[in-house]
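Colleague: Give me the fold of what follows.
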Amino acid sequence: MPKINVYLPEELADAVRDAAIPISAVCQQALQRAVREVTAMRASTDRLSSEPGQAATFSRFTDRARSAIDLAKQQATRRGDATVGSEHVLLGILDESENLAVRALQALDVDPADVRTELEARLSANRRQPPAPGEAADQSALDPRARRALELATTEALALGHNYVGCEHLLLGLAAEPDGIAGEVLRGMGVEHRIARRTVVTLLAGFVHARSTLASGSSGTGEPAAVAKSLERILKRLDDIESRLPG
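Modeller: Reported below is the predicted structural model:
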């Protein structure tokens, strides 16, 4: 049986040993689930269809993420582009506006309006070829780079332990995809994949903390220090993991 090394942060490794968790069995189950999820996404994202029979295609996408995908399709349709590209997906995220991906950009001191301006400039400079005579455009089809970005978004969600795909995962997928216009624009503005992931994790941790605080009716006394310490631990674990990643 082939061997795959799994690296864990020290704290997690200690906890796994103390709890006597059968890590091989757990990893196999997690990997099997991840393979099923990504394979299903790969098979079902060739087209962006809102038909009832296609509703399961993006069943794990949040309402905001599905809205962003619909807006991406509208962007392609409006421009007469033959397929939906990564640039349209990023524009869809910006058009949806009220999502964690946009907040992550703002947290990185990147103005979403500047991202839109750069995307518009790139689209104008790199106009896609119109459909051949007699060949109708199909704005429900994803091009290979957009399809890869959505696959990466699903992988990011699984890696973070999430059972949904949100706009924040779409942003991470776009930033990680190497060839699309969206990734080039994001990286050109300083939104590197690892930096974006750390920002998303930090924002999510803050939201979870705020929600638990409201639910408990806490007055918040002394909580900023606790939040900072919690986020510091999360970021340290991310550093430990990322230091072992290739590249």
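
Colleague: List the buried residues in stretch 80-87.
Modeller: Counting neighbours by 16 or more other C-beta atoms under 10 Å, one finds that the buried residues in stretch 80-87 are 81-87. For glycine as for every other residue, the C-beta is placed from the backbone atoms N, C-alpha and C.

Colleague: meant to ask about stretch 68-82
Modeller: Buried residues in stretch 68-82, defined by neighbour count with 16+ other C-beta under 10 Å: 68-76, 81-82.

Colleague: about what we covered before: tell me the one of the buried residues of stretch 80-87 nearest residue 95?
Modeller: Closest to residue 95 out of the buried residues of stretch 80-87 is residue 87 (12.4 Å), distances taken as C-beta to C-beta.

Colleague: Quick check: the closest one vs residue 198, distance?
Modeller: As judged by C-beta to C-beta, to the nearest Å, residue 87 and residue 198 stand 24 Å apart.

Colleague: do the same with residue 95
Modeller: Going from residue 95 to residue 198 by C-beta to C-beta gives 25 Å.

Colleague: So for these two, which sits in the more crowded spot?
Modeller: residue 198 (19 against 16; other C-beta atoms under 10 Å).

Colleague: Make JSON lines out of the buried residues of stretch 68-82 and add secondary structure and pLDDT.
Modeller: Rendered in JSON lines, the data for the buried residues of stretch 68-82 read as follows (DSSP: H, G, I helix; E, B strand; the rest coil; pLDDT from 0 to 100):
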{"residue": "68", "secondary structure": "helix", "pLDDT": "95"}
{"residue": "69", "secondary structure": "helix", "pLDDT": "93"}
{"residue": "70", "secondary structure": "helix", "pLDDT": "93"}
{"residue": "71", "secondary structure": "helix", "pLDDT": "95"}
{"residue": "72", "secondary structure": "helix", "pLDDT": "95"}
{"residue": "73", "secondary structure": "helix", "pLDDT": "93"}
{"residue": "74", "secondary structure": "helix", "pLDDT": "93"}
{"residue": "75", "secondary structure": "helix", "pLDDT": "93"}
{"residue": "76", "secondary structure": "helix", "pLDDT": "92"}
{"residue": "81", "secondary structure": "coil", "pLDDT": "87"}
{"residue": "82", "secondary structure": "coil", "pLDDT": "85"}
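
Colleague: Looking at those residues, which one is closest to residue 192?
Modeller: Nearest to residue 192 out of the buried residues of stretch 68-82 is residue 68 (C-beta to C-beta; 21.3 Å).

Colleague: Contact partners for the closest one?
Modeller: Contact analysis of residue 68 by C-beta atoms under 8 Å, 6 or more residues apart in numbering lists 89, 92-93, 95-96, 99, 167, 170.

Colleague: Kindly provide the distance from it to residue 58.
Modeller: Counting by C-beta to C-beta - residue 68 and residue 58 are separated by 10 Å.

Colleague: can you check residue 188 too?
Modeller: For residue 188, the distance to residue 58 equals 28 Å [C-beta to C-beta].

Colleague: who's more crowded, those two?
Modeller: The neighbour comparison of residue 188 against residue 58 (other C-beta under 10 Å) goes to residue 58, with 20 against 11.

Colleague: tally of neighbours for the closest residue to that one other than its chain neighbours?
Modeller: In this structure, residue 58 finds its nearest non-sequential neighbour in residue 66, 5.5 Å apart by C-beta to C-beta, 6 or more residues apart in numbering. A total of 19 residues lie near residue 66 under the criterion other C-beta under 10 Å.

Colleague: can you pull the pLDDT of residue 66?
Modeller: What the model reports as pLDDT for residue 66 is 93.

Colleague: phi, psi of it?
Modeller: Dihedral angles of residue 66 (phi, psi; degrees, to the nearest 10) stand at phi -60, psi -40.
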